[in-house]
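Student: please find the sequence and the predicted model below.
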Amino acid sequence: MTNKINIFKRFLLVFALLFISYKGFAEEPETTPAAESAPVHQEGEHGVKPFNAGETIIEHVADNHQWHLFGHTSISLPVIAKTDKGFEVFSSSHFGHDGKEHYHGVNYIYALEEGSLVVIDELTDTVSEEATANLWDFSITKNAMAMFISMLLMIWIFVSVARAYTRNQGKAPRGLQSFIEPLILFIRDDVAKVSIGEKRYQQFLPFLLTVFFFIWINNLLGLVPFFPGGVNVTGSISIAMVLAGFVLLITFVVANKHYWRHVFAMPGVPVGVLVILTPIEILGVFLRPFVLMIRLFANITAGHIISLAFFSLIFIFGEMNVGLGFGVSILSLVFTIFMGALELLVAFLQAYVFTLLAAIYFGAAVDEGHEIHNHVDDHA
Amino acid sequence: MELVKPSIGLIFWMIVSFSIILFLLKKFAWAPILGMIKEREDSIELALASAEKAKQEMKMLQSNNERILSEAKTERELLLKDAREIREKMIAEAKGMATKEGERLLKSARENIQNEKMAAITELKNQVATLSIDIAEKILKSELSSDEKQKSLVNTLLKDVNLN
């Protein structure tokens, strides 16, 4: 089931990426020769900028220093930059609505180039490579802000559920509590207990529950098309990387002798084979969380790209002919509804898969090796 | 490509905030929630177990009751049977005794009657003898009261006697 959906999703992702890159390449020869004058070049015959699906989609999916709400309204987020001359904090509104303006800070002149913060050389008015290399961008970006909001939401949900448990002690769950409880039990009984074992599962339960609900809630928020949703938080490689990093870290902390022995010298394997096997096993230790990261990132980003691609179709066809745009919009709507339903499933599925695999890795790390068939080797 | 390039800022904020939320949720949400769920599960399990135990006890009690009842029934039947037997025996005994007594009484009555009869016969015999003697005396007296009569008697007697 999971595999089928993944294959389907990847197929769609490839399709969508092909589509985007086609559009991207189509524009590129026009824009690259003179990046500065690109806006002027892009002005069409009627003075309207032609619609660029790839640009629009990437802009929505990628992180941003501003949170675009609708039309020309956006929330300005704080930019926090650490330069070699010290920290600097200012509002992203200084970059202007389209992010093309420069900001004269205390230490340097800053600008945004393709969404990332760069230092502009005062004299040449171009990007200063040396200063940019020393620039650390700790800005509260759109993804960071959406992540904070989702975390506040999580704290509110789970602390109130915890309160409900104390209030309704010994009674049947009700309200939000009865919605959350089956999920908690599902993670506890079907993920943690099964993968880690009765003895050690309790130790990992808080992390597994937090990861599961963090991914799931952010996936769902990502599907909401308006503020504070619609942000590709779990589909951000940085977020996925940190989550996978936590999994790797915990695996290292709890791993027992038995686990390391299996990594460095698999018992019962001749030395000649070990020469080949050990590097693979060592690679596998890092590959597993890496794959966790890629899977989460790719699945969620793909979902966002597909939904946006369907909507972009309306504008692409609308540009050719308004009537055609309306016609395609019906088709797009049907596809988007279908994808939305699928994304709801994927939102849960990806949270579940991430949690389950993390639990399996923890289980392998604390496995005492009493059973022969206990060698969990899931590189999927 | 911008999309797959991890950004240091986001990684930093994610590590910090995820650590905080992990700690907060662990302390204020997961610990109480999991604790309460466990407690409730335990209490439900306990309640189920005790209900099962009560059911078993009830069953045992019921079977005990049934056993006692059936025992009482058999005992009653046994008692009734005994009583009937005793009654019949008593009746039979009484009957036998009565018959024997009757027979004994009858026999003794018969013996008595015989004795009385014999005594009566003896007395009668004696009285008859006395009477006969008296009569004979009286007759003799009257027969021999006068000479003539004595002579006639002698004559009669002599007439009877055949001098052969």
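Tutor: Arrived safely. Numbers count the residues shown, from 1 in each chain, chains lettered A, B, ... in the order given.

Student: for the helix or strand where A:Tyr361 lies, name the packing helices and strands.
Tutor: For A:Tyr361, the host element (DSSP states H and E) is helix A:322-366. Here helix A:322-366 touches helix A:2-31, helix A:194-196, helix A:201-223, helix A:237-254, helix A:257-264, helix A:271-320, going by 3 or more Cβ pairs under 8 Å, 6 or more residues apart in numbering or on different chains; DSSP states H and E. To be clear about C-beta, it is placed using only N, CA and C from the backbone, and glycine gets the same treatment.

Student: ok, now with 6 Å
Tutor: Packing contacts for helix A:322-366, counted by 3 or more Cβ pairs under 6 Å, 6 or more residues apart in numbering or on different chains; DSSP states H and E, involve helix A:194-196, helix A:201-223, helix A:237-254, helix A:271-320.

Student: what angle do the last one and helix A:322-366 make?
Tutor: Compare the direction of helix A:271-320 with that of helix A:322-366 by axes from the mean of the first three to the mean of the last three Cα atoms, to 10 degrees and you get 160 degrees.

Student: off-centre distance for helix A:271-320?
Tutor: The chain centre lies 11 Å from the centre of helix A:271-320; the measure is Cα atoms, centre = their mean, to the nearest Å.

Student: do the third one as well
Tutor: Centre-to-centre, helix A:237-254 and its host chain are 14 Å apart (Cα atoms, centre = their mean).

Student: that helix near chain B at all?
Tutor: Yes. Shown here: helix A:237-254 in contact with chain B (Cβ under 6 Å from any Cβ of the partner chain) through A:Ile237, A:Ser238, A:Ile239, A:Met241, A:Val242.

Student: and the nearest residue to A:Glu319 once chain neighbours are set aside, how close does it get to B:Asp147?
Tutor: Leaving aside its sequence neighbours, A:Glu319 sits nearest to A:Phe51 (Cβ to Cβ, 6 or more residues apart in numbering or on different chains; 5.6 Å). To B:Asp147, A:Phe51 is 209 Å away according to Cβ to Cβ, to the nearest Å.

Student: which one of these two is surrounded by more residues?
Tutor: Neighbours of A:Phe51 and B:Asp147, each counted by other Cβ atoms under 10 Å in any protein chain shown, are more numerous for A:Phe51; the result is 15 against 8.

Student: determine whether the claim that the more buried one is in a helix is correct.
Tutor: No. The assignment for A:Phe51, made by DSSP: H, G, I helix; E, B strand; the rest coil, is coil rather than a helix.

Student: which pLDDT value goes with it?
Tutor: Reading off the confidence values, A:Phe51 has pLDDT 81.

Student: how about low-confidence regions in the chain?
Tutor: Because you didn't say which chain, this covers chain A. Applying pLDDT under 70 to chain A picks out residues A:1-48, A:369-380.

Student: should've been chain B
Tutor: Within chain B, the stretches with pLDDT under 70 are B:1-2, B:163-164.

Student: could you pick out the residues of it near chain A for me?
Tutor: Within chain B, the residues that sit near chain A (Cβ under 6 Å from any Cβ) are B:2-4, B:6-15, B:17, B:21-22, B:25-26, B:28-30, B:32-33, B:36.

Student: sorry, back to before: let me have the helices and strands packed on helix A:322-366 in JSON lines, extended by mean neighbour count.
Tutor: As requested, those are arranged in JSON lines below (neighbours: other Cβ atoms under 10 Å in any protein chain shown):
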{"stretch": "helix A:194-196", "mean neighbour count": "20"}
{"stretch": "helix A:201-223", "mean neighbour count": "22"}
{"stretch": "helix A:237-254", "mean neighbour count": "20"}
{"stretch": "helix A:271-320", "mean neighbour count": "18"}
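
Student: distance to A:Thr56 for the ones you listed - can I get that in JSON lines?
Tutor: Shown next, in JSON lines, are these (distance: least, Cβ to Cβ, whole Å):
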{"stretch": "helix A:194-196", "distance to A:Thr56": "41"}
{"stretch": "helix A:201-223", "distance to A:Thr56": "17"}
{"stretch": "helix A:237-254", "distance to A:Thr56": "20"}
{"stretch": "helix A:271-320", "distance to A:Thr56": "6"}
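
Student: for A:Glu343, which of those helices is the nearest?
Tutor: helix A:271-320 (4.6 Å; Cβ to Cβ).

Student: helix A:201-223 and that closest one, what's the angle between them?
Tutor: Using the same axes, to 10 degrees: helix A:271-320 against helix A:201-223 is 20 degrees.

Student: helix A:271-320 - contacts with which helices or strands?
Tutor: Packed against helix A:271-320, as judged by 3+ Cβ pairs under 6 Å, 6+ apart, are the following elements: helix A:2-31, helix A:53-61, helix A:237-254, helix A:257-264, helix A:322-366.
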